[in-house]
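# All I have is the shape, not the residue letters:
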């Protein structure tokens with residue numbers, strides 16, 4: 001990637017990638033009827049590692065040279081955000097309400113903001129609240145048909161979803177951390193590599209099979225290519241020049257797309273308050289490229305990106 005994409009603000013690329021993740025439910029939800037979450041996630045990572053195989057040795061060599069803190073961050077992104085979080089999110093979709101599960105997952109910005117402050121020393125400016133509060137209000141409105149009467153559909157999918165949100169929020173922070181020393185394609189390759197190891201270890205623990213039938217395996221491969229390989233490549237390309245605090249807001253394109261998928265594919269419906277939430281969240285995301293420099297104060301000096309232009 002390069003050329004014209006270099007002129008596109010990183011947060012725009014992050015938002016486009018997040019919108020692509022929202023299409024994930026088109027395939028993941030139907031697969032839940034015939035294949036376990038562990039098998040789906042393992043299959044995704046097999047495909048992703050095969051796609052990035054030419055980069056594997058160079059990526060892990062770069063990670064090793066970067067130091068132990070970067071190795072730990074790579075494990076956190078790969079095993080935590082890529083494997084465990086995706087398994088938890090897929091399991092929640094299996095027995096939870098589609099829109100509620102997807103939107104509850106977006107407590108992620110709060111975790112990402114806290115992590116970015118502690119790990120990356122990014123400090124949101126006063127103007128950040130004018131983006132975060134409306135964004136969270138929009139997500140709240142989308143999630144609940146009756147926003148003043150919150151309700152939950154079972155503790156298990158809620159716990160799974162919130163755990164996935166925590167891991168994905170930390171994944172944003174540590175992904176940004178890795179991008180200080182690794183190129184964007186090496187970050188995604190490291191993520192897929194550690195994700196494959198973690199998802200493979202989970203199979204014998206829960207007694208799940210490694211592969212599904214031919215039909216489901218095909219759609220798992222499509223899922224891995226579109227919402228994994230393409231979307232994450234775009235995401236890390238944008239993240240390398242986007243503060244994690246800002247990226248966390250851009251990722252709210254995910255629940256908006258997912259909510260629309262739920263309406264038009266899974267016959268869910270939205271009340272007028274939920275449509276207000278969609279409009280509010282889209283409005284926040286649309287203004288991010290314009291006011292991105294007013295939202296966060298970066299550290300005085302940030303290490304240079306490896307191989308960046």
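That came in fine, so what should we check first? Remember, it's a predicted structure, so these values are computed and weren't measured experimentally. Numbering: from 1, shown residues only.
# excluding its backbone neighbours, what's nearest residue 86?
Spatial nearest neighbour of residue 86, chain neighbours left out: residue 41 (4.9 Å); criterion: CB to CB, 6 or more residues apart in numbering. C-beta coordinates here come from the backbone N, C-alpha and C atoms, glycine included.
# Spit out the contact partners of the one you found.
For residue 41, the contacting residues are 83, 86, 87, 90, 195, 199, 202, by CB atoms under 8 Å, 6 or more residues apart in numbering.
# mind listing what the fourth one touches?
Listed by CB under 8 Å, 6+ apart, the contact set of residue 90 reads 28, 32, 37, 40, 41.
# neighbours of residue 6, just the number please.
Under the neighbour criterion other CB atoms under 10 Å, residue 6 is assigned a count of 11.
# Relative to residue 234, how far out is it?
13 Å (CB to CB, to the nearest Å).
# One more: residue 9?
Counting by CB to CB, the separation of residue 9 from residue 234 is 13 Å.
# Residue 81 now?
Taking CB to CB as the criterion, residue 81 is separated from residue 234 by 16 Å.
# Who has more neighbours out of the two?
Higher neighbour count among residue 81 and residue 234: residue 81, with 24 against 21, using other CB under 10 Å.
# looking at it, that one is touching residue 170, isn't it?
Yes. Between residue 81 and residue 170 there is a contact under CB atoms under 8 Å: 6.7 Å.
# just to revisit the earlier point, now, the most widely separated pair of the contacts of residue 41?
Farthest-apart pair in these is 90 and 195; separation 13.2 Å (CB to CB).
# In this structure, where is pLDDT below threshold?
1-4, 95-106, 144-145, 148-154, 264-269, 292-294, 297-309 (pLDDT under 70).
# In it, mark out all the strands, start to finish.
Counting by DSSP state E, one finds strands in the chain at the ranges 123-124, 296-297.
# Go through the ones you listed and name the closest to residue 225.
strand 296-297 (32.6 Å).
# how about the strands of the chain in CSV, adding distance to residue 271 and mean neighbour count?
Shown next, in CSV, are the strands of the chain (distance: least, CB to CB, whole Å; neighbours: other CB atoms under 10 Å):
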stretch, distance to residue 271, mean neighbour count
strand 123-124, 32, 16
strand 296-297, 34, 18
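# As a markdown table, those with distance to residue 281 would be great.
Listed next are these as a markdown table, based on distance: least, CB to CB, whole Å:
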| stretch | distance to residue 281 |
| --- | --- |
| strand 123-124 | 18 |
| strand 296-297 | 19 |
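# For the stretch 201-309 of the chain, which segments are assigned as helices?
Taking DSSP state H, counting those that start in this stretch as the test, the helices found in the stretch 201-309 of the chain are 214-223, 231-239, 244-250, 253-264, 272-291.
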